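**Q** How does the following fold in three dimensions:
(chains A and B)
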Amino acid sequence: MIFPQAMKQLVAVVLDRDADQVTRALLDQGVMHFVSVTEMDPGLSERLSAGSPRVTEAMISEIRRRIEGLFSLGGHGLAAQADLRIEDLRALDLAAANRQLDELAASLAGIRERQQALQQEILKLEDIRRQLGMFGDLTAGLQARSQFSFLSIQSGTVRRAELQAMLEELKSIPSVHLEVGPQDATLATMLLITMKRDDGVVNKILDRHGWAEVELSRDALGGKEEVLADLDGKLAGFREEQEKLKSGIEALIREKRPELERMWANLRLNELYSRIQSYFSHTARTMIFSGWLPARTQEPLDAALQRATEGRCYLEWHDPSEMSTAQKAKVPVQLGGPRLLAPFKMLVTNYSIPQYGTVDPTPFVFVAYLAMFGLMFGDVGHGLVLSLMGVLGLATYKGASQNIRNLLKLAIWCGGSAMVVGVLFGSYFGLSLLPPLWFNYHGAVAGEHTVGVVKDVYGILLITIWFGIGVIGLGLALNWVNRLRRGDWFGLLFDKAGLIGGWIYAAGVYIAFYFAARSYKQLPPGNFLFLTIGLPVLLLAWKAPLEFFLHREHKRFQVSTLIDWGMEWVVEILEIFSGYLANTLSFMRVAGLGIAHVSLVIAFFAIAGMLRGPAGNFSPWSYLVLVAGNVLIIALEGLSAGIQSLRLNYYEFFSKYFSGSGKAYEPISLRKLK
Amino acid sequence: MGAVQKYGFINAKLRARISKILPEALSAEMSRAKSLSEAVELLRNTDFSVVESVFGQTGDIKSAELELARKEVRLYLELEALTKDEVRSIVSALAERFEVDNLKHALRLWFDSHVRGRRIDAGVGYLLRDRVHRDLALDRIVNAGSLEEAAEALTGTPYGELVARQAAEVTRLQSLFPLEIALDHHFYRQLLAAVDGLGTRDREIARRMIGAEIDLANINWLIRFKGFYKLDPERALACAIPEGIWLSPQAVAEAYAMDNPSAVLSELVRRRYPALASLLTPREATESYARLVLIERILAEILMLEVRHLMAGYPFTIGILLAYFVLKSAEIRRIKTVLNAKFYNWPEERIMAAL
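**A** Alright, predicted model coming up:
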């Protein structure tokens, strides 16, 4: 569990005629992280040729993305890739697929055009509505046109036989028309509102249809509200129609969805098929491919390839242990571990991918991160809220990305850790509802007389320093394991986090506590100091010369080389001493954040106390302050504690052992979206 | 107030926003899309999702662009609220560009309607009616009987007198360009006045950046004067915006006298931005359309080089603000170019050349 999964390398030679069956088998198994054969051995590039596929992966993925765009336009996301089956792989006709999509796009464009035409109408009516809103009385508009009005308001009659044609012509102009006045079978009495700037065009239309101006009484005209209501009704009608058109697009895509999903699935299958074949190198009659897979999947893949080729294949399996250090560094890494640790795996991979064969930091980050967070945010109530927020988030954002879901799961874990530590500190929303199992953090911060191992803030600081020493010590031990596994004896001994570095660190810790225990007045005896500090420092002086002779790579020894060695030694010593001191003291931030957390709680309780009612009880304002205060603490401190825990892991813990130069294992699989 | 205190917060905020600026690869992907609708769809989960939602509702790309402009104005005003004193003055002066552009838009509608006799009903709906710094009586301007009447509608703003002063010239030339240039002059004048209030280091940075922008604006005008308006050299020079940083009036005059006005740009590129010299290929320089596209591309590249220079420098200066505004404008211009090109069914190659 603490090392990445064991990997195997496959180099396979199969006959060209089996290419299709082999590709299908590889895709079905979905375990191969392909590597170009010529990348493994550049010499082969002269003897092998790359395949020339009929359709490229890029051509396929472009159409696939086009369909995905249509899915989201239809209001629903991607098709479920989990349902892909290799048996459904069919030959691809890209032109036909494009034709089909073009037809759908043309139908959509037609709807868009209608939407746009409606929008133009809406804009024109909105223009008139805006003017009308600013306008005073309509009758005033008829009699005396205000110099600041851009509306032209006319009343008149037109023969009913001409009415429809006239209104049709007016459609292209921003206008409002209402039939007013007495009902008449042959003549329609109209109120017409247009923009002044269109007077020329409007008057021509009116003349053409025999418009005769008439003066209407105030009663016959009706109020401005009536016209506005008519306009609003028209606008609402247009908007409703637009909404219908939008739903029409969704309905059209919904109707085509089964067909599109089938097309999408075949495209995706062909895309992956094509991607696998892009790794095939060819000779006259055979093809060669290579890649990595988890060792546990060797047997099933071997069997699948034998079946696919009916035994006409040559499979060569290699173990990374047979390879040089440089080759091992290229082995892709698959981090294992239970799914529960996925949020912590995310924290690790965000930093980098560990090198193959080295320790997988995930389980250690799981413990260290949660311990740090709990110490900074230890409160049952606050932890509970954080966990509930995580649970609620997961339930609400089911379609969220994996990273967001992992963050929400991390919040649940962090909340759980805060609750456990809260029980140890006896803190429940800042109240001591139950006695602490470890020590009273609030009491220690507030300066109350407490019993137990920790009585004041110095005690808290001391705990976090010990905690830091433990984390750094663990980092050193993991580094030694990594070096041993890589057979890097030089690094094991001389690396800053190697055995000598660890020796100096252990001695430094002992001496610091010895000195502090004697009121900063007495150091350990000289012999002891020499053995614990002097000797490893002298041993370090050999690092540069040994490195020179072991890995000198054509460098010539000169007098100045001696000076370089001396300088390197001094700098190395300074780096070790200052580095370890800074790394250890850095953990005091755990205490700092924890103390700030408690101090804020105390401060909000003090403010709530100041707002007590006349009877000395908490008033509603007091409770409001407590609720708001707790929300603030959870948001502010939760974020700070999360970030600081991450920082401590990345910079103080990882820097001791994490060689993050690995490459992630990315098989071509039916179940991956990339 | 120290530089860190003054720019710490805004720097962090803007750098975070800069990281969200859409990559150019997305514009390329949009240009490959088979239809406008499919291109817009690619903006769904981005900062431009408003374009997708408005277009989805209205099918009208101009309405979507208007919403985008509205969002941009809100962003400037928000940044104005987040800054203080002289930095705020700079943001405020930069935001004035929206007001100037919107006024130009309204004046162009007026010109189309009253001088060219065109119908403008469709255009009026796309005027940005959000207040930037002043309430502009846009309806009065669009519907004004004359430019003097439009100037009267702008009384109480810095633009009233400016429009009145150019009215006769616009009528004489039957072109809006003297007024548009006057508005550009006004914009840069008030921006440079705001720059004068900055500290020494900030002033130097801002002058360099704005100066580069003025140079580019001048080159752009120069090409149009020569190519479209056929102005005489003296008149053209009088129109140049002062305070450019690399191009002296004499250089502009010499360039204008040349047969090929883009030669001045070539000279600038070779002298100041040798990294871009590869863009000046002889083949492209011979065709007039290709030359215009090339010039636009070079102008954009020059600005980007200045921005990269600012981004790599000391972080607590006015530079981050200016860099953000340039990057954001470039991003919006890219997206608008692709959308409009898709609307007119341009082929992918032509869109890419225009980007």
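**Q** so where is chain B shaky, pLDDT-wise?
**A** Chain B contains residues with pLDDT under 70 at B:1, B:227, B:229, B:246-265, B:267-268, B:270-272, B:275-297, B:299-300.
**Q** give me that answer again for 80
**A** For chain B, the stretches with pLDDT under 80 are B:1-3, B:119, B:121-122, B:216, B:219-240, B:243-303, B:353-355.
**Q** With the stretch 401-550 of chain A instead?
**A** Applying pLDDT under 80 to the stretch 401-550 of chain A flags residues A:448-453.
**Q** please redo it, this time with the cut-off set to 90
**A** Low-confidence segments of the stretch 401-550 of chain A (pLDDT under 90): A:401-403, A:430-436, A:438-458, A:485-488, A:544-550.
**Q** And the strands in the stretch 201-350 of chain B?
**A** For the stretch 201-350 of chain B, applying DSSP state E, counting those that start in this stretch gives no strands.
**Q** Can you name the residue of it nearest chain A?
**A** Closest to chain A within the stretch 201-350 of chain B is B:Phe343: 10.0 Å, counting by CB to the nearest CB. Just so you know, the C-beta spots here come from the backbone N, C-alpha and C atoms, and that holds for glycine as well.
**Q** That residue and B:Asp60 touch, don't they?
**A** No - contact criterion CB atoms under 8 Å: B:Phe343 and B:Asp60 do not qualify, at 10.0 Å.
**Q** Between the two, which has more neighbouring residues?
**A** B:Asp60 (25 against 15; other CB atoms under 10 Å in any protein chain shown).
**Q** Distance check, the more buried one against chain A.
**A** Counting by CB to the nearest CB, to the nearest Å, the gap from B:Asp60 to chain A is 4 Å.
**Q** count of neighbours near the residue nearest to that residue when sequence neighbours are not counted?
**A** Distance criterion CB to CB, 6 or more residues apart in numbering or on different chains; nearest residue to B:Asp60, sequence neighbours excluded, is A:Gln119 at 4.1 Å. By other CB under 10 Å, the residues close to A:Gln119 number 23.
**Q** tell me which element A:Gln119 falls in.
**A** Per DSSP states H and E: A:Gln119 is located in helix A:94-134.
**Q** which other helices and strands contact that helix?
**A** Applying 3 or more CB pairs under 8 Å, 6 or more residues apart in numbering or on different chains; DSSP states H and E, one finds that helix A:94-134 contacts helix A:57-73, strand A:151-159, strand A:175-179, strand A:187-195, helix A:224-277, helix B:36-41, helix B:49-58, helix B:121-124.
**Q** counting contacts, what elements does the second one pack onto?
**A** I take that to be strand A:151-159. Of the remaining helices and strands, those touching strand A:151-159 by 3+ CB pairs under 8 Å, 6+ apart are helix A:94-134, helix A:138-143, strand A:187-195, helix A:199-208, strand A:212-213.
**Q** hang on, the earlier thing: taking the helices and strands packed on helix A:94-134 together, which one is wrapped up most tightly?
**A** Comparing the helices and strands packed on helix A:94-134 by mean neighbour count (mean count of other CB atoms under 10 Å in any protein chain shown), helix B:36-41 ranks first with a mean of 24.
**Q** Not counting stretch B:65-85 itself, show me its contacts.
**A** B:1, B:6, B:9-10, B:13, B:48, B:50-51, B:54, B:88, B:91-92, B:94-95, B:98, B:126, B:128, B:130, B:132, B:321, B:328, B:332, B:335-336, B:339 (CB atoms under 8 Å, 6 or more residues apart in numbering or on different chains).
**Q** I am finished for the moment; much appreciated.
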